[in-house]
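**Student:** test case, fold it:
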Amino acid sequence: MPFEVTYYLRSLAWRLHLDPAEKDEIIQELEAHLADKAAELEIQGVDRETAMARAVEEMGAPNIVAQGMYEVHSPGVWRDVLLSTIPHFLLASLFALHLWSHYFLVSLLLIAIAFVTWRNWRAGSPSKWSYSWMGYSLAAPALSWLLSLITLGYGAWTLVTTGQLPFNVVLFFLLIGYVPFSMWIMANVIFKMVKRDWLLASLTALPFPFLTSWVLFLNWQGGLWSEHAERMQDSDTARAFIFVAMAVTTAVFLKVGPRLLRIGLLTVSTSILVIITAASLPVSLNALAVVLMIVASLAFILSPAMLESKIERRQLEAEGLGELSDS
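**Tutor:** Presented below is the predicted three-dimensional model:
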């Protein structure tokens, strides 16, 4: 295949952000169209090399073509849209019915979500609806990693200041081993999601800021089993509304085509939900604190974009086509 065509199709493929099978089909169609166009030009007397170059030029800039293809093929069918909202509505129900303190029930729910996610992802080409399920499947190891890190920090500080650990030494070393292990698992999953589309990875991350803020505040109040845990139920209605709003956000995200609309939707929804979260907490937060919460949440939600850029550049450099990332 001529270098011009390889260059063009690789550049376009990196910008397509669609299901691998769907992407391959589109690339094959475009390759066939380029070959047909070049053949027409050759019949008119143009030499082959010039014909291929003109065919590529007439096709249009790869980013424009990819954008058009994405807008046509990326919107999900209603089945994907409805399935993607289920985990959000399940979490909303837990808060609306004050069931989040029934830890056995919550554990069963998380196991069921993780099982459904695993069944869908093990095939290698997950459905669009499964990304919201993956968000809750990763929530348990992510939050346990965060709490483990906090516990380790507290233990290390106590050891330095008092000369002894506040808990068992075996537990301390188990936590030291668990933190990098859980990070490794999450990093591998996130890497696979970002290679498909960083926006889908951002959709997966949507519940994290709100689950994290709730768990951290609950931990600050004394933990899940403290006497203050019941007081957190005062904000359950607001929490339920937040997860319902995330379900609506996810549904709209999967139905709209343009990427800028999807980015804007995640940005606006996250900002509004952070404000609602801050208002629902039984503490007084000033405007600066709320702004910082919004900035941190948006930085987290949109961070897969930077990771995708690094992955793309490394892949293209490995293939000897590093200049494509700048075209």
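
**Student:** what are the boundaries of the helices in the stretch 201-327 of the chain?
**Tutor:** Per DSSP state H, counting those that start in this stretch, the stretch 201-327 of the chain carries helices over the ranges 208-220, 236-255, 259-280, 287-302, 304-318.

**Student:** for F172, give me its contacts.
**Tutor:** 152, 155, 165 (Cβ atoms under 8 Å, 6 or more residues apart in numbering). (C-beta placed from N, C-alpha, C; glycine too.)

**Student:** I meant to write E22 there.
**Tutor:** H73.

**Student:** do the same with S280
**Tutor:** If you count contacts by Cβ under 8 Å, 6+ apart, S280 has them with 235, 238-239.

**Student:** any idea which of these is least confident?
**Tutor:** Lowest pLDDT among the contacts of S280: S235, with 76.

**Student:** ok, that residue to A278 distance?
**Tutor:** S235 is 11 Å from A278, where distance means Cβ to Cβ, to the nearest Å.

**Student:** check H228 and give its pLDDT.
**Tutor:** Turning to H228, the model gives it a pLDDT of 51.

**Student:** go on, L265?
**Tutor:** 96.

**Student:** how close does the spatially closest residue to A251 that is not a sequence neighbour sit to V215?
**Tutor:** Take A251 and drop its neighbours on the chain: the residue closest to it by Cβ to Cβ, 6 or more residues apart in numbering is V81, 4.9 Å away. According to Cβ to Cβ, V81 and V215 sit 28 Å apart.

**Student:** with P87 instead?
**Tutor:** From P87 to V215 the distance is 17 Å (Cβ to Cβ).

**Student:** quick one: which of those two has more around it?
**Tutor:** More crowded of P87 and V215, by other Cβ atoms under 10 Å: P87, with 29 against 18.

**Student:** surely that one meets G135?
**Tutor:** Yes: using Cβ atoms under 8 Å, P87 makes contact with G135 at a distance of 7.4 Å.

**Student:** show me the shaky parts of the stretch 51-200 of the chain.
**Tutor:** 123-124 (pLDDT under 70).

**Student:** cutoff 90 now
**Tutor:** The model of the stretch 51-200 of the chain has pLDDT under 90 over residues 51-77, 95, 98-107, 110, 114, 118-128, 137-198.

**Student:** wait, L94 sits on V106?
**Tutor:** Yes: between L94 and V106 there is a contact under Cβ under 8 Å: 6.7 Å.

**Student:** spit out the residues that contact these two alike.
**Tutor:** Residues touching both L94 and V106 (Cβ under 8 Å, 6+ apart) are W100.

**Student:** which one's more surrounded, these two?
**Tutor:** Using other Cβ under 10 Å, the more surrounded residue of L94 and V106 is L94, with 20 against 16.

**Student:** residues touching that one, list them.
**Tutor:** So L94 contacts 100, 105-106, 109 (Cβ under 8 Å, 6+ apart).

**Student:** if we go to 7 Å?
**Tutor:** Going by Cβ atoms under 7 Å, 6 or more residues apart in numbering, L94 touches 100, 106.

**Student:** report the secondary structure element holding it.
**Tutor:** Assigned by DSSP states H and E, L94 falls within helix 78-96.

**Student:** chain center to that helix, what's the gap?
**Tutor:** Here helix 78-96 is found 17 Å from its chain centre; the criterion is Cα atoms, centre = their mean, to the nearest Å.

**Student:** what are the buried residues along it?
**Tutor:** 80-81, 83-88, 90-92, 94-96 (16 or more other Cβ atoms under 10 Å).

**Student:** after that helix, which helix or strand is next?
**Tutor:** Downstream of helix 78-96, the next assigned helix or strand under DSSP H and E is helix 103-121.

**Student:** need the contact partners of that following helix.
**Tutor:** Helix 103-121 has contacts (Cβ under 7 Å, 6+ apart) with 87, 90, 94, 99-100, 126-127, 130, 133-134, 136-137, 140.

**Student:** hmm, try it at 10 Å
**Tutor:** 83, 86-87, 90-91, 93-94, 99-100, 102, 126-127, 129-141, 189, 192-193, 224-225 (Cβ atoms under 10 Å, 6 or more residues apart in numbering).

**Student:** which of the residues you listed count as buried?
**Tutor:** Buried residues within the contacts of helix 103-121, defined by neighbour count using 16+ other Cβ under 10 Å: 83, 86-87, 90-91, 94, 100, 126-127, 129-141, 189, 193.
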